[in-house]
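**Q** Please work out how this folds:
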Amino acid sequence: MKKAYHIAIAGATGAVGAELLRVLERRNFPVATIRALASDRSTGKKVSFRNQTIPIEELRADSFDKIDIVFFSAGGERSRKFVPLARDAGAIVIDNSSTFRMEPDVPLVIPEINPEDVKRHRGVIANPNCTTAVALMAIYPLHRAFGVRRVFAASYQAVSGSGARAIAELKRQVEESCSRRPADDARASHSEAATVYPHPIAFNVLPHVDVFLESGYTKEEMKMQDEGRKIMHLPEFRASVTCVRVPVYRAHSVAVSAEFERPVSVEQAHEVLAKAPGLELVDEPHKNRYPMPLDVAGKDNCQVGRVRRDCALENGLAFWVSGDQLLKGAALNAVQIAELL
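**A** Coordinates of the predicted model:
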């Protein structure tokens, strides 16, 4: 590694951008200079890094001069426009959007799973979908031991996955509901406050994350299969997923039923999962110990528990995974990729 790198963060004022700054600082990444980039609406704002105040600069075509690494978390449209410009300026781009994930010449990397793929980059490396990343942290070590064939899963996704506006919307809806008189028409007034999502999210669950495809699945639901195949180098991997938005501020959870090529016991699964990097086994249900969003929020490691034989699948296991999608699902994973460089 060089002694220090010139870094830029595109989308520095967003939820993931803020986490990127914190992760770079606490992991003591060798930063020579840092450039905070965002839309022109954020120009004039400031962010903090290592006790310094960094002014926000407008994301422009000429923002990448003398930059070594750019972390992009500014949305798919801006990634599509600016990532090629950053690469052509000589920077290595780590992109958090879905824009380049399935491009054949762009590595899609979870460092605990396929770190060697980083070596194939041609200036752009993709960060995986947050739900996929959390789920694969438990699926992959089991795959290495027993050979995964297919999974059935349901996600429980926090509103912070939709950004700061969604967090504010949930907070506002909860406060309004709690202050409303019982005689009020709660649903009518509540629906008027739904702007980020098509329905109220407070005290509700929405089986709708991303846009629907002709198949009836959403784009988000197909990512676990498509991205899982690429990350695990497993073209026959199959995943049927239902993605659900829940009124949780931070950290995603996934209920997984997985079928394997070889027989697997709970004891064997525990042994494998307990040794997996970036994963903690929390599985004492009789003591009320199992992974929960409140416990993993703000933490680097994902947690897995509720491990049991799946009674509907041959060679099957059912388990529950929770992880902070702003960290392992986004900022932390991106910085870990940069550390591999």
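**Q** Flag the shaky bits of the stretch 101-250 of the chain, pLDDT-wise.
**A** The stretch 101-250 of the chain contains residues with pLDDT under 70 at 181-192.
**Q** Strands of that one, residue ranges please.
**A** Along the stretch 101-250 of the chain, counting by DSSP state E, counting those that start in this stretch, strands occupy 124-126, 148-157, 238-245.
**Q** most tightly surrounded among the ones you listed?
**A** With neighbours taken as mean count of other Cβ atoms under 10 Å, the strands of the stretch 101-250 of the chain reach their highest mean count in strand 124-126, at a mean of 25. Placement of C-beta: from N, CA and C, glycine included.
**Q** Name the residues that touch that strand?
**A** 83, 87, 92-95, 100-101, 103, 106-109, 118, 337 (Cβ atoms under 8 Å, 6 or more residues apart in numbering).
**Q** Using CSV, please lay out the strands of the stretch 101-250 of the chain together with distance to His199.
**A** Shown next, in CSV, are the strands of the stretch 101-250 of the chain (distance: least, Cβ to Cβ, whole Å):
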stretch, distance to His199
strand 124-126, 31
strand 148-157, 15
strand 238-245, 9
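**Q** residue contacts, the closest residue to Leu340 other than its chain neighbours?
**A** Distance criterion Cβ to Cβ, 6 or more residues apart in numbering; nearest residue to Leu340, sequence neighbours excluded, is Val118 at 4.7 Å. Neighbouring residues of Val118 by Cβ under 8 Å, 6+ apart: 107, 109, 111, 125, 337, 340-341.
**Q** run the last query once more with 10 Å
**A** 92, 94, 107, 109, 111, 125, 337-341 (Cβ atoms under 10 Å, 6 or more residues apart in numbering).
**Q** again with Phe82
**A** So Phe82 contacts 10, 37, 59-61, 63-64, 70, 72, 74, 93, 95 (Cβ under 10 Å, 6+ apart).
**Q** before we move on, what about Gly123?
**A** Here Gly123 is in contact with 70, 83-84, 86-93, 105-106 (Cβ under 10 Å, 6+ apart).
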